[in-house]
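Chemist: just a sequence and a predicted model for now, questions to come.
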Amino acid sequence: MSENRRQTGVVELCEYCGRETEHEVSIEIVTESQKETNAEFSKEPYRISTCRACGNSTRLRMNNA
């Protein structure tokens with residue numbers, strides 16, 4: 001009997017593993033300002049990618065992508 005495995009992650013190069021592996025990808029809104037008065041205006045989207053093989057995570061500020 002054959003087993004169907006459905007890919008649920010995004011396949012991309014893992015800089016730590018050095019090979020293409022499945023990654024879990026999410027977007028987080030991060031407050032960058034340390035000042036409370038400006039905090040509501042300093043929220044930026046970050047792409048978080050975690051390798052399912054080794055667990056290494058990378059963060060990329062989306063406004064710099």
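Modeler: That came in fine, so what should we check first?

Chemist: and the longest strand for the protein?
Modeler: Longest strand of the chain, by residue count under DSSP state E: strand 19-31.

Chemist: tell me the buried residues in that one?
Modeler: For strand 19-31, a neighbour-count test (16 or more other CB atoms under 10 Å) marks 21, 22, 23 as buried. Bear in mind the C-beta positions are built from the backbone N, C-alpha and C, glycine included.

Chemist: neighbours around residue 11, how many?
Modeler: Neighbour count for residue 11, taken as other CB atoms under 10 Å: 11.

Chemist: ok, now residue 51?
Modeler: Neighbour count for residue 51, taken as other CB under 10 Å: 21.

Chemist: how about the buried residues of strand 19-31 in TSV, adding distance to residue 55 and pLDDT?
Modeler: Shown next, in TSV, are those (distance: CB to CB, whole Å; pLDDT from 0 to 100):
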residue	distance to residue 55	pLDDT
21	11	95
22	12	94
23	11	95
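
Chemist: which one among these gets closest to residue 54?
Modeler: Lowest distance from residue 54 to these (CB to CB) belongs to residue 21, with 7.6 Å.

Chemist: just list whatever residues bridge to the closest one.
Modeler: Note on residue 21: beta-bridge partners by DSSP bridges are residue 12.

Chemist: please tell me I have it right and it contacts residue 50.
Modeler: No. Contact criterion CB atoms under 8 Å: residue 21 and residue 50 do not qualify, at 10.3 Å.

Chemist: just so I have it, where are all the strands in the chain?
Modeler: With DSSP E as the criterion, the chain has strands at 10-14, 19-31, 43-51, 57-61.

Chemist: residue 37: which of the ones you listed is closest?
Modeler: Nearest of the strands of the chain to residue 37, taken as CB to CB: strand 19-31 at 12.2 Å.

Chemist: count of residues packed around the residue nearest to residue 24 when sequence neighbours are not counted?
Modeler: The shortest distance from residue 24 to any non-neighbouring residue, by CB to CB, 6 or more residues apart in numbering, is to residue 50 (4.8 Å). Burial of residue 50 is recorded as 16 neighbouring residues (other CB under 10 Å).
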